[in-house]
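**Q** predicted model, plus sequence, below.
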Amino acid sequence: MMATSFGFYSDAGLTTPMGALSVVQAADGSAAAVDSVVYFGSPSAGKKAQATSDPGVDPVYISIADSAAGAGLAATAVKLAASSGGLGAAVAGNPLSLGVQVLSGSANAVAVHVRIKTPAVAVGNYTDLSLATPDLTESAV
Amino acid sequence: MAYNEHWDACRLALRFNGSDGATTTTDDKGGTVSLVASGGATIALSNEYYDSSPTSLRSFDKDAWGEVTISGAAELGAGALTIAASVRPGSLPQGNFYNILYSNKPAAPSNIHLRLLIAGTRWVGLDVQTPFESVFIMVPNVINVGAMNRIMATRDGGGTWRLFVNGALVGSSAGAAAVIGLQSPFRVGYHGGDNAAEYPTWLDELYIVDGVALETAAYTPQPIFDSPPSGGGSGASSLPVSVAVRAYGTSSLPLIISTGVTGSASVGLDVAVVDAAYLSGAALASDGGTAAGSWSPFVTIGGTNRTADIVGEIEIDAGRGAARIASFALKATGTIDPTALVGQRVSIDIATAAGTNRMRLFTGRINEPRLDMIGGTIAVSCTDDLQNVVNAMPRAALDALIGGRWSPAVFDDAAAGWVYAQDRLSTVPASLDLSPWGALRVTPWEAGAANLSFDGNSILQQSVSVSLAARSGLVNEIAVDFGYRFPMAKRETFRVQFEYLTNGFGPWVDAGNGFLSRSAVTSGIEAAGGAIYDMEWIALPTTPQLINTGGGGVAAWLPNPSTDPLFCLGFDAMVNFDYTQEIDERHAAVVRSPASVAAMGTLRETVSGSLRGETADTLAAETNAHLWQLGLSNIPPVDAPAIVIGQTAAEAMTLTADTNRAAAEAALATLVDVAKVKIIASHMDTTVSAAVALHPLVDLDKTITIAAQGVTATGRVSQVRHRMSASDSGEAVTEFEISLCRLSGVGIADVETPTAAPAGVADGATGPLAPVICTFNGLLGQDQSFEITFPAVEASQRDAAEVVIDSAFDVALVEDALVIDMGA
């Protein structure tokens, strides 16, 4: 359970915490990629999130975590970009840097564009992938 | 352990350590000291005055001394030399002396007599006699009786001797070119003088160092070489350090320590991989084709699968531009807290009976639980929270999502969120809603190509119905009445050319007439409210003039440089009059669908708006321009119409960003688009409804062709309802409605007139201006006055003017197909 107020939301206003990003893909890999947008930020006022490893120096990044490497879906089924136009050039499975800090408030919400395109895989619901940040330190601006 | 820097150069270190009463000792540098006493004299090691070493050398009277035999070289200190010792005299009787160190080798080759001593009346002395030097330093009143004194004698490389007592220099003498060092053996602690009264003296820490080894001690006195640097020895050691402490004030370093919570964030990816046929809609869990469909719902609450708790029917409703809602009931057993359900995330899928090939139908939150105590169920109603999601969005995000137009002159400038979105949507023929996955989307009303087609094989029996729009609900012409009032800067520019000499200079002068004063001209112009833009005077002659006086006589007129410049024979002036005029533009824009008007007659509504251009006070602007023209102000006016001679030039004044021409055009364009969307919306009330086995792809963003039961229609989905009854009837049905744009079947697609505001009142010039009248009473006997009369500003130029501007815009309507075959 995360202690910070920063998280993923389904709307730019940061009112609806996103429980999971749900998409549908075809088992034969024929479905078009599904592009979605999730918003990373905090509805709290006057906060900032920095990487705990070296606050203000190390980037805050969104990575694709795979809880079942070698099984389920591979992280390469997911692309991340800062814009919809950037999804085409994004490298599948690569993390997305959000800079050295993210400020709170809906005005500072970071739109994370997600493209999911699965290869031919068995029918089923795959929940082994997630979008995750490193350990963050939330402090006052 | 502290260690003196001179230890390496120290040749003798007599510390007199040993047991109390011992009569022999050694030094820490390898020398030996044997204590010699005769005739009842007493000399021994004593612990009576322990300073830091266990014992010191105590001697009472003469005939007792310590005989020092040094190892190694027989001569010490042949160059620079330091002799230092701690001495504690019990008393110092007059006439008595105590040799700290006594070396007496009067004969060659040694030839040295050296004594470092203390004597009665608190003297300290140094006596060095060699063939090369004679030094005798005796300093009184420097020895502390009954206390340890640190005494030191140094000889530097130049032969200069210096004497120190307790760190203070008390005497010195000039040096000698050559010196002789100490010879071994020599005596230490050697009493001399009248010993009638014994006076004990303690000696300790006697060092002889090659070189000038000033001890850096603040003398109290402290022993320096308590312990050798290595190789044994014991005892306490200290390195006295003189520390001068100065107070600089306090200092502090504030520490700012920020604490913050830590943690990571994550969101799971839930990827439903389904057979391609389900994804395309070719296969449905609810419809087995030739066999019965075998399906199951999949409901999660707060991420937990609660499918097994579902009772009764699950219903999901979505309508164009509205929140998607869902309702279902859960069985309730045991102790429950239904309030904990409020706000919980909900997802509803339809899947095959095996739970695979899940297709999303709803994502949202529980809005309200209702407890049925008798039935033992909790009925929940859920919403996708569309309004709250939009309410939280900033304007920039909504602008990018919706597009369209917005003007503060048309809509409430304070509106935000949902209201702001609706304002923008009123200019766009589209709807805003959330997808079954909860993603915001804008869906145009126009049908376009069909995404799905249902025929009699799919559409449930007797489910097709048609609702036709009534003419009374149509609007095909909207009059947009938009008023824009704004000030224009005006400038009249007159060219006044005046000469009053009717028959030449000579006759004028001969007649005794007067000259026109320049000040009268300028005063006259300014009194009339004009500002002189440019002036050229016709000057009086600058050379003498012959005047024919009649009768053949001749006179001379002579110029007067002092007064002639005050007068003129005429002038050529450019004079401006600046003022403002309120312009009231009345835009009468007609937005219409010609095809609909032709088919159904004019069905009219009106929308209106207005905007007033704001600037600085127009009266002040007039005054400022006039003062500037008169040269009485250094502040140029913000707005200055062009100078067009003989005409009235007009120029729109600089207005605020919210009220200027661009803002007015934006407001008018917004009203036109609002009118267009109204007309389009009113033509989309014809609907066709049908029902199919629950089809997850049927949604508000789809265009569907229905071809069944005598009805063929294609249109965009405007309503959809999914019903699943797993525990009761086993029914899974989608009921949907498509909206059609209809124009009585005329099948015409109008051509859209792009929305663009017509040009308003432009800057420009009108004229000509009426002539200016000048009158100079300069004849002999007249009052010499000058009068200039400008024509009055015409009312049409000064009074508020209303300008009507007409424009027309056609709305594009694309009629959707609707064919109804009632059969025979």
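**A** Alright, I've got the coordinates.
**Q** on the pLDDT front, check B:Ile257 for me.
**A** Each residue has a pLDDT score; the one for B:Ile257 is 66.
**Q** please enumerate the helices of the stretch 201-350 of chain B.
**A** B:276-280 (DSSP state H, counting those that start in this stretch).
**Q** which parts of it sit against chain A?
**A** Proximity of the stretch 201-350 of chain B to chain A is confined to B:258-276, B:279, B:302-303, B:345, B:347 under the rule C-beta under 8 Å from any C-beta of the partner chain. For glycine as for every other residue, the C-beta is placed from the backbone atoms N, C-alpha and C.
**Q** buried among the residues you listed? Need that as a selection in ChimeraX.
**A** Selecting only the buried entries of these in ChimeraX, with 16 or more other C-beta atoms under 10 Å in any protein chain shown as the criterion:
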select /B:260,262,263,264,265,267,268,269,270,271,272,273,274,275,276,279,345,347
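**Q** so which of the residues of the stretch 201-350 of chain B next to chain A sit within strands?
**A** Applying DSSP state E to these, the entries found in strands are B:261-263, B:266-274, B:345, B:347.
**Q** pLDDT added to those, as a markdown table?
**A** Compiled in a markdown table, these are given as follows (pLDDT from 0 to 100):
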| residue | pLDDT |
| --- | --- |
| B:Val261 | 85 |
| B:Thr262 | 88 |
| B:Gly263 | 89 |
| B:Ser266 | 92 |
| B:Val267 | 93 |
| B:Gly268 | 91 |
| B:Leu269 | 92 |
| B:Asp270 | 90 |
| B:Val271 | 92 |
| B:Ala272 | 90 |
| B:Val273 | 92 |
| B:Val274 | 91 |
| B:Arg345 | 92 |
| B:Ser347 | 94 |
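**Q** nearest to chain A: which residue in the stretch 551-700 of chain B?
**A** Shortest the stretch 551-700 of chain B-to-chain A distance, computed as C-beta to the nearest C-beta: residue-wise this is B:Pro696, at 8.9 Å.
**Q** quick one: pLDDT of that residue?
**A** Here the pLDDT value assigned to B:Pro696 is 94.
**Q** hmm, it is touching B:Asn357, no?
**A** No - taking C-beta atoms under 8 Å as the definition, B:Pro696 is not a contact partner of B:Asn357, at 9.8 Å.
**Q** and B:Ile525, that one's in a helix?
**A** Yes - remark: B:Ile525 belongs to a helix, assigned using DSSP: H, G, I helix; E, B strand; the rest coil.
**Q** show me what contacts it?
**A** Under the criterion of C-beta atoms under 8 Å, 6 or more residues apart in numbering or on different chains, the contact list for B:Ile525 reads B:496, B:531-532, B:573, B:575, B:788.
**Q** backbone dihedrals for the residue in chain A that chain B sits nearest to, please?
**A** Using C-beta to the nearest C-beta, A:Gly13 is the residue of chain A that sits closest to chain B, at 2.2 Å. Note on A:Gly13: its backbone torsions stand at phi -80, psi 0 [degrees, to the nearest 10].
**Q** of the contacts of B:Ile525, which is the nearest to B:Pro297?
**A** Closest to B:Pro297 out of these is B:Ala531 (85.4 Å), distances taken as C-beta to C-beta.
**Q** number of nearby residues for that closest one?
**A** B:Ala531 sits with 20 neighbouring residues when counted by other C-beta atoms under 10 Å in any protein chain shown.
**Q** tell me the secondary structure for the residue in chain A sticking out farthest from the centre?
**A** In chain A, counting by C-alpha atoms, centre = their mean, A:Asp28 sits farthest out from the average C-alpha position, at 25.5 Å. For A:Asp28, the assignment made with three-state DSSP gives coil.
**Q** was I right to think it contacts B:Ala276?
**A** Yes - using C-beta under 8 Å, A:Asp28 is in contact with B:Ala276, at 5.0 Å.
**Q** wait, what's in contact with whichever residue of chain B sits closest to chain A?
**A** Each residue of chain B has a distance to chain A, by C-beta to the nearest C-beta, and the smallest belongs to B:Ala392, at 2.2 Å. Applying C-beta under 8 Å, 6+ apart to B:Ala392 gives the contacts A:11-15, A:106, B:417.
**Q** what's the farthest-apart pair in the residues you listed?
**A** Farthest-apart pair in the contacts of B:Ala392 is A:Leu14 and B:Gly417; separation 13.3 Å (C-beta to C-beta).
**Q** with neighbour numbers in mind, choose between the two.
**A** When A:Leu14 and B:Gly417 are compared on other C-beta under 10 Å, the one with more neighbours turns out to be A:Leu14, at 26 against 18.
**Q** how close does that one sit to A:Ala45?
**A** As for A:Leu14, its distance to A:Ala45 is 11 Å (criterion: C-beta to C-beta, to the nearest Å).
**Q** could you do B:Thr130 as well?
**A** Relative to A:Ala45, and taking C-beta to C-beta, B:Thr130 is found at 92 Å.
**Q** neighbour count winner among those two?
**A** Taking other C-beta under 10 Å, B:Thr130 and A:Ala45 do not tie; B:Thr130 has more neighbours (19 against 10).
**Q** doesn't B:Ala107 make contact with the more buried one?
**A** No - between B:Thr130 and B:Ala107 there is no contact under C-beta under 8 Å: 12.0 Å.
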